[in-house]
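J.: just a sequence and a predicted model for now, questions to come.
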Amino acid sequence: MVMVSVLRKKLMMKIRYYFDLWMNNARMINMVIASSEKAIELEVGLQQVESERDYVRKTQTENAKLRMILSLTIYFFKWKSKVALSILRDERAKYELQRHFIFNELRRMRQSIVEANVAEQGVLHEAKSRGSDALEQIIHLREKLQQMFRWKNGQMYPAEVIDIRVMKGKSADEKRPEDHEYYVHYIHFDRRLDEWTTLDRIDVNSPVASSHDNEAGDHSRHKKKRKIDDSGDSAAGHGADSRDEKETLLEALEKETEEITKVKNIQCIVLGRYEIDTWYFSPYPDEYAGDEKMYICEYCLKYMKKQRTLVNHSLQCHMRSPPGRKIYDDGALTMFEIDGREHKLYCQNLCLLSKLFLDHKTLYYDVDPFLFYALCEVDAEGHHIVGYFSKEKHSQDNYNLACILTFPPYQRKGYGKFLISISYELTKRENTVGSPEKPLSDLGRISYRSYWAYVILSIFQDRSTLQTITIDRISKLTGIRHEDILSTLHSLNMIKHWKGQHVICVNRAVIDHFLHESAKKILLCRPECLTWQPPERSAKAAAK
């Protein structure tokens, strides 16, 4: 029994030993399995890291290639720009030579025309003694002799024939005067009244002595005197010949421009719900200028030849206001600030449209240096443009307005002075003074003089400031330049010479009467509705 118990104990000890050994092996196996799994995970992670490193290397390589391509592109464009500048210089030199040649040809042609006119006048004089026929009558009208024309009101006015064309529906070979239309300019009237008329409104038998030659002679004598004075100012006279040549070229170029723009190329436009007779020539493309009427979208200002095209365009045009930033809104009127660089096509179309009603406007396509401020009437359909003004972004002469126009259907409603008041409100917010570019047109001069008078006399209404008011003080309060204030006060006869100095003489009755009459028709902006701020202040507000 004792031996059995001893053997049993030894057997149990061996079993326990082998069991412990097996358990240790199992633990070791589990540890090995866990370690292998971790090794596999680490290997996968290393592979991912390597792949990411490869991706980074590839990206860096691609970026290096792109940088190289970009640098090459910049170098290429710089080289192209230099080449383009050299080409432009060469073209400019060629253009100058061509212009000299053209001016010489024009001078020669003018001389030949004068000689032909002299010969033709002798022929006509001989023909009239025998009885002139229809062809000679047309030639007589082509001479631009002043005739008496019947205006729309029935009265006779002196005018000259600028151009002649065959009536629509007539053959180009027709030689009868009644089959032609005559484009006439009424003497001593603005060119906006020029029109095409028929022979029945011309009194051919009563020519008027033309003063065109005398005016041209006076003008040439004035120019000649000015050139002599200018040349006398220089000490040695060097450069006088080149200056005279430049003035001669400029004069010839002005005459050539006047010759091109003397006849209106578009007689009527349709803008929104209005059909408007045009005033002057505008450089629209020839294919649009041939017809009597042109159609313009009042929102995007795109121009079209046919009404059907305008209807189709209206269905596709999603604009209901001018582009740009709204800076004024009083419920009935809005104003938008439009950058010529950002909205070039709209501003170019606006310039072409405004040239139909401005005689001496020269800006058509180079609109980048300008800001345009479009004034609109607001209704349920959208914002309808009624006028605008433009100004340079950076004016060396502190001009606060370059061009201003109220379209004819909206004139005599006070919008001109409203636009002027906006321009001066912008000037005051810039803490400076400004003035419009000179010379002003006839209508612009009237609007500005009326606005200046109203604003200055409104200051004089305050009795407490009359004793201390000065030109400087008026300029700071209104933003108007000193010379504009003085010219306005002189026109109102309010500058007097007293005790050796000039003083402002205020007549209370005159001021009250003028302001009472002007208040009925003047329309000024409301500063509280203007959200515009100078660029510096706008940048600071955005930063905050």
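T.: Thanks, I have it.
J.: Phe76: which element?
T.: Taking DSSP states H and E as the definition, one finds Phe76 inside helix 2-130.
J.: for Leu486, see how far away Cys505 is.
T.: Between Cys505 and Leu486 the computed distance is 13 Å (Cβ to Cβ, to the nearest Å). In this view, the C-beta of every residue, glycine as well, is placed from N, C-alpha and C.
J.: ramachandran angles for Asn507?
T.: Main-chain dihedrals, Asn507, degrees, to the nearest 10: phi -110, psi 110.
J.: residues in contact with the spatially closest residue to it that is not a sequence neighbour?
T.: In this structure, Asn507 finds its nearest non-sequential neighbour in Met494, 7.5 Å apart by Cβ to Cβ, 6 or more residues apart in numbering. If a contact means Cβ atoms under 8 Å, 6 or more residues apart in numbering, then Met494 has Ile504, Cys505, Val506, Asn507 as its contacts.
J.: out of the residues you listed, which end up buried?
T.: Among the contacts of Met494, the ones that count as buried by 16 or more other Cβ atoms under 10 Å are Ile504.
J.: narrow the contacts of Met494 to those in strands?
T.: Within the contacts of Met494, residues falling in strands by DSSP state E are Ile504.
J.: would you format the contacts of Met494 as TSV with distance to Leu375 included?
T.: Converted to TSV, these look like this (distance: Cβ to Cβ, whole Å):
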residue	distance to Leu375
Ile504	33
Cys505	36
Val506	34
Asn507	35
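J.: follow-up on the earlier one: touching both of Cys505 and Leu486, which residues are there?
T.: With contacts taken as Cβ under 8 Å, 6+ apart, Cys505 and Leu486 have Ile495 as neighbours in common.
J.: are we agreed that Tyr157 is in a strand?
T.: Yes - under DSSP: H, G, I helix; E, B strand; the rest coil, Tyr157 sits within a strand.
J.: so what's it bridging to?
T.: Phe149 (DSSP bridges).
J.: check contacts around Lys80.
T.: Contacts of Lys80 (Cβ under 8 Å, 6+ apart): none.
J.: number the chain from 288, please
T.: Got it, first residue is 288 now, which makes that one Lys367.
J.: Arg354 versus that one, what's the distance?
T.: For Lys367, the distance to Arg354 - Cβ to Cβ - is 20 Å.
J.: neighbouring strands of the one helix or strand Leu662 maps to in the sheet, and parallel or not?
T.: Per DSSP H and E, Leu662 falls inside strand 657-666. Applying DSSP bridges, strand 657-666 is found paired with strand 620-626 (antiparallel), strand 669-679 (antiparallel).
J.: pLDDT of the very next helix or strand once past the first one, averaged?
T.: Under the assignment DSSP H and E, the closest C-terminal helix or strand after strand 620-626 is helix 631-642. Model confidence over helix 631-642 averages 93 on the pLDDT scale.
J.: check stretch 444-457 too.
T.: Stretch 444-457 shows a mean pLDDT of 80.
J.: can I get that stretch as PDB, trimmed to CA atoms?
T.: The C-alpha trace of stretch 444-457 is given here as PDB (Å, rounded to 0.1, in the frame of the first residue of the first chain):
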ATOM      1  CA  TYR A 444     -33.600 129.100 -90.600                       C
ATOM      2  CA  PRO A 445     -30.300 129.200 -92.300                       C
ATOM      3  CA  ALA A 446     -28.600 125.900 -92.600                       C
ATOM      4  CA  GLU A 447     -26.000 124.100 -94.700                       C
ATOM      5  CA  VAL A 448     -26.100 120.700 -96.500                       C
ATOM      6  CA  ILE A 449     -23.600 118.200 -94.900                       C
ATOM      7  CA  ASP A 450     -24.400 115.100 -96.900                       C
ATOM      8  CA  ILE A 451     -26.800 113.800 -99.600                       C
ATOM      9  CA  ARG A 452     -28.200 110.300-100.100                       C
ATOM     10  CA  VAL A 453     -30.800 108.700-102.400                       C
ATOM     11  CA  MET A 454     -34.200 108.000-100.800                       C
ATOM     12  CA  LYS A 455     -35.100 104.400 -99.900                       C
ATOM     13  CA  GLY A 456     -36.800 102.700-102.700                       C
ATOM     14  CA  LYS A 457     -35.200 104.900-105.300                       C
END
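J.: chain center to that stretch, what's the gap?
T.: 33 Å (Cα atoms, centre = their mean, to the nearest Å).
J.: buried residues in that stretch, which are they?
T.: For stretch 444-457, by 16+ other Cβ under 10 Å, it's Tyr444, Pro445, Ala446, Glu447, Val448, Ile449.
J.: CSV for those residues, including distance to Asn718?
T.: What follows is those, written out as CSV (distance: Cβ to Cβ, whole Å):
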residue, distance to Asn718
Tyr444, 51
Pro445, 52
Ala446, 51
Glu447, 51
Val448, 54
Ile449, 49
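J.: nearest to Ile672, of the residues you listed?
T.: Of all the buried residues of stretch 444-457, Ile449 has the smallest distance to Ile672: 31.3 Å, by Cβ to Cβ.
J.: ok, and the closest non-adjacent residue to that closest one?
T.: Of all residues not flanking Ile449 in the chain, Tyr470 sits nearest, at 4.7 Å (Cβ to Cβ, 6+ apart).
J.: what helix or strand is that neighbour located in?
T.: strand 467-473.
J.: continuing past that strand, what's the next helix or strand?
T.: Taking DSSP H and E, what comes next after strand 467-473 is strand 482-484.
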